[in-house]
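**Student:** 3D, please:
(one chain, ligands or ions: 1)
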Amino acid sequence: MAAIIGSPSRYIQGKSELKNLCSHAANYGKSLFVLTSPSGKKRVEPAISEGQKGTETAVVYEAFNGECCMTEINRVAAACRAANCDVIVGVGGGKIHDTAKAAAYYLGVPVVIVPTIASTDAPCSALSVIYTDEGVFERYLFLPSSPNMVLVDTDVVSRAPARLLISGMGDALATYFEARACQRSNAGNCVGGKQTLAAMSLAKLCYDTLLENGVSAMLAVENKVCTKSVENVIEANTYLSGIGFESGGLAGAHAIHNGLTAVEETHSLYHGEKVAFGTLVQLVLENADTEEIETVIDFCISVGLPVTLAGLGIKEVKEEQIMEVAKLACSPDDTLGNMPFEVTPEDVYAAIMGADALGRYYTEEM
Ligand SMILES: [Zn+2]
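**Tutor:** Next up, the predicted model:
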């Protein structure tokens, strides 16, 4: 099997970069169909309009209906065609991005993704998660390529609540460890190939960037400023983790996250918060070096990512419930099979309880 790396053709990140959207997007088309929420439109329209002046680019706004479902994807595609637009731009969070990517795919037009938060590593990926009209997970739509362009205005992202950036750090924390597991097992990645050296290297850089910048970035965002450390963390959460997970491969942390979603109490937590705990569980499964585990736990505690089941909202731990999480994580269509050794539900159960015990031990010590 060949080694394959996927990525957006352009990744653009900078302060006030939103005002250059029209000039950057001119590489792809002259008429932009901007899908965003009504509140998102209020926040981004002034900067986009400022940059539009003097260009030949037209901008048409369309309000997102709230769910990434086939009804909405078809509606957006039809509206884009009716408006004679030749580029779809998704401005906002994950569901808007996924709808924009899918609609552009069905129309055969380029897509530009503009994240206004850095809470997951999805913006750069060649994937849309499709839900039913009622909001229940339906299927993954694997796209032939990543978005044509991803543009991140770091001023906009750093004004979002700190918890979103922290959650993005949790998602990004898993990237290196999952890619490393795939490297050890020679597992395939999410773009249908094996790892390249570049993907592994970006995954490692992602982890190092979080350790060096995570705490200062969190503090800066809590104080509503965008420092260099915030910019570094935004790049780690969005680009390094995005390429790192998709082209490096997924393994334990995300499979355990997926198992945890079956527990009602964890529903108020963000994706990255559960992935952070999944990372700790994967490290326990691997019996990773104590020093490495301590570094990860220290990092999580210092930025406020959960390291215990109680931190995930599970106040009363029931054996059969945790066993259910472990069984789900081991399901054959999930990614635990990418670990470099055989993993049974009993192993996962023990690792979850072991991770929780370690988390409690270090939380009490600090
Ligand atoms: Zn993730």
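**Student:** switch to C-alpha atoms for all contacts and neighbour counts from now on
**Tutor:** Will do.
**Student:** So Pro345 versus Phe277, what's the distance?
**Tutor:** Pro345 sits at a distance of 17 Å from Phe277 (criterion: Cα to Cα, to the nearest Å).
**Student:** So between these two, which is more surrounded?
**Tutor:** Phe277 (33 against 18; other Cα atoms under 10 Å).
**Student:** List the buried residues in the helix or strand harbouring the more buried one.
**Tutor:** Phe277 belongs to helix 271-285 when assigned by DSSP states H and E. Of all the residues in helix 271-285, those buried under the rule 16 or more other Cα atoms under 10 Å are 271-285.
**Student:** List the contacts of that helix.
**Tutor:** With contact meaning Cα atoms under 8 Å, 6 or more residues apart in numbering, helix 271-285 is reached by 119-120, 166-174, 177, 252-257, 260, 266, 293, 296-297, 300, 305-308, 312, 347-348, 351-352, 354-355.
**Student:** ok but Leu35 is inside a strand, no?
**Tutor:** Yes. Looking at Leu35 with DSSP: H, G, I helix; E, B strand; the rest coil, it is inside a strand.
**Student:** okay, now it: neighbour count?
**Tutor:** 26.
**Student:** what do you get for Glu320?
**Tutor:** 10.
**Student:** so it, which of the three states?
**Tutor:** helix.
**Student:** all helices for the stretch 201-350 of the chain, in order.
**Tutor:** Using DSSP state H, counting those that start in this stretch, the helices found in the stretch 201-350 of the chain span residues 228-235, 241-248, 252-260, 271-285, 290-303, 319-329, 345-365.
**Student:** any idea which of the ones you listed is most buried?
**Tutor:** By mean neighbour count, with neighbours taken as mean count of other Cα atoms under 10 Å, helix 241-248 ranks first of these at a mean of 31.
**Student:** Who are the contact partners of Lys15?
**Tutor:** Asp153, Thr154, Asp155.
**Student:** By neighbours, which of these wins?
**Tutor:** Most crowded among these, counting by other Cα under 10 Å, is Thr154 at 26 neighbours.
**Student:** I figured it was touching Asn232, is that so?
**Tutor:** No. If you go by Cα atoms under 8 Å, Thr154 and Asn232 don't touch, sitting 9.9 Å apart.
**Student:** who touches Glu265 in this structure?
**Tutor:** Glu265 neighbours (Cα under 8 Å, 6+ apart): Leu312, Gly313, Ile314.
**Student:** Apologies, that question was intended for Leu35.
**Tutor:** Tyr61, Glu62, Ala63, Phe64, Ile88, Val89, Gly90, Val91, Ile96, Ala100.
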